[in-house]
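A.B. asks: Sequence first, then the predicted structure:
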2 protein chains.
Amino acid sequence: MRIGELAARAGVSVRALRYYEEQGLLTSTRSASGQRHYTQHAVERVTFLQRMYEAGLSSRTIAELLPCVDSPSAETSDAALERMAEERDRLSDHIEELIRTRDALDGLMATNRAHRETLRTA
Amino acid sequence: MRIGELAARAGVSVRALRYYEEQGLLTSTRSASGQRHYTQHAVERVTFLQRMYEAGLSSRTIAELLPCVDSPSAETSDAALERMAEERDRLSDHIEELIRTRDALDGLMATNRAHRETLRTA
DNA sequence: CTTGACCCTCACGTGGACGTCAGGTTTTAG
DNA sequence: CTAAAACCTGACGTCCACGTGAGGGTCAAG
């Protein structure tokens, strides 16, 4: 498929796909005229990339993880696996922090609603 | 206390505090010479702001929530409370997404380690 | 009374993941 | 065969939470 279709299927912009390639996160074969072509597999690759971005990883960091994704347990993936474990732990900490933040918001909302009840009863 | 001390206590930069004030998220009294002075309460205010930023809220969004924080159940906080509930839900969804991402990373790591075992045994 | 730490207000710089316009080629539908 | 739609490569624009000087007052200590 061409870049427009991949963009539609993966739910991202064409510009984003070109950017991913520029960052070494996504490869494509080129037709004689220079147009990018992708396989079905590219869709899940892009989904994976989106997931990593959402987790707060930078393009550079994602690039460091890719050997681990593409060729499991190759010699070169030693560092990648370590990096992945590192990012996983960072993500885990972040999740816990966000949960505490959600609790804080819940507390604030409860306080407000309690006050509201007080006013209505008075 | 002055701005330097608040920065140290809250663990943020002096620049950040001035920025928060510029965005209407933090107020200060000024001395005759124009220097900012804060009360103890400012420390927790800044901590709250940091928490909101970490949750992915923008300055504008945080500003919309503040009436709810400052004067619980005032007339003006109706919209604020609704906004807060909205952001809480958004945060909750985000947390779940991050957990799925962590699971994905765990799966990748497991696959890699399994391959590694296979290679060692062979 | 001077030195050094701290404070002030502009105001431009930064990094990252794209958005967007320019100017041109290629593919597809009719 | 033609026009629209889709694609290409630069390259500058955007947003946002600050970082970072520039240039100049302020305050406690010696």
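C.D. replies: That came in fine, so what should we check first? Numbering: from 1, shown residues only, chains lettered A, B, ... in the order given.
A.B. asks: Please name the nearest non-neighbouring residue to residue A:102.
C.D. replies: Leaving aside its sequence neighbours, residue A:102 sits nearest to residue B:91 (CB to CB, 6 or more residues apart in numbering or on different chains; 5.3 Å). Backbone N, C-alpha and C define where each C-beta goes, glycine included.
A.B. asks: Do any residues in the least confident helix or strand in chain A by mean pLDDT lie close to DNA strand D?
C.D. replies: Lowest by mean pLDDT, DSSP states H and E among the helices and strands of chain A is helix A:77-121, with a mean of 90. No: Helix A:77-121 lies out of reach of DNA strand D by CB under 7 Å from any atom of the strand, never closer than 14.7 Å.
A.B. asks: now that helix against helix B:77-121, angle please.
C.D. replies: Here helix A:77-121 runs at an angle of 160 degrees relative to helix B:77-121 (axes from the mean of the first three to the mean of the last three CA atoms, to 10 degrees).
A.B. asks: quick one: the closest residue to DNA strand D within chain A and chain B, what's the gap?
C.D. replies: Among all residues of chain A, residue A:4 sits closest to DNA strand D, at 2.5 Å; criterion: CB to the nearest atom of the strand. Relative to chain B, residue A:4 is positioned 26 Å away (CB to the nearest CB, to the nearest Å).
A.B. asks: Okay, and that residue sits in which element?
C.D. replies: Residue A:4 belongs to helix A:3-10 when assigned by DSSP states H and E.
A.B. asks: Now that helix: buried residues?
C.D. replies: Residues of helix A:3-10 classed as buried by neighbour count (16 or more other CB atoms under 10 Å in any protein chain shown): A:3, A:6, A:7, A:10.
A.B. asks: same deal with stretch A:26-44?
C.D. replies: For stretch A:26-44, by 16+ other CB under 10 Å, it's A:26, A:28, A:36, A:38, A:42, A:43.
A.B. asks: Please see if that stretch touches DNA strand D.
C.D. replies: Yes: Stretch A:26-44 is in contact with DNA strand D by CB under 7 Å from any atom of the strand, via A:34, A:35, A:36.
A.B. asks: taking these one by one, which sit in strands?
C.D. replies: residue A:36 (DSSP state E).
A.B. asks: need the residues of stretch A:26-44 next to DNA strand D in a markdown table with pLDDT and distance to chain B, can you?
C.D. replies: Below are those laid out as a markdown table (pLDDT from 0 to 100; distance: CB to the nearest CB, whole Å):
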| residue | pLDDT | distance to chain B |
| --- | --- | --- |
| A:34 | 96 | 33 |
| A:35 | 98 | 31 |
| A:36 | 98 | 26 |
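A.B. asks: And the residues of stretch A:26-44 next to DNA strand D, which is closest to residue B:117?
C.D. replies: residue A:36 (37.7 Å; CB to CB).
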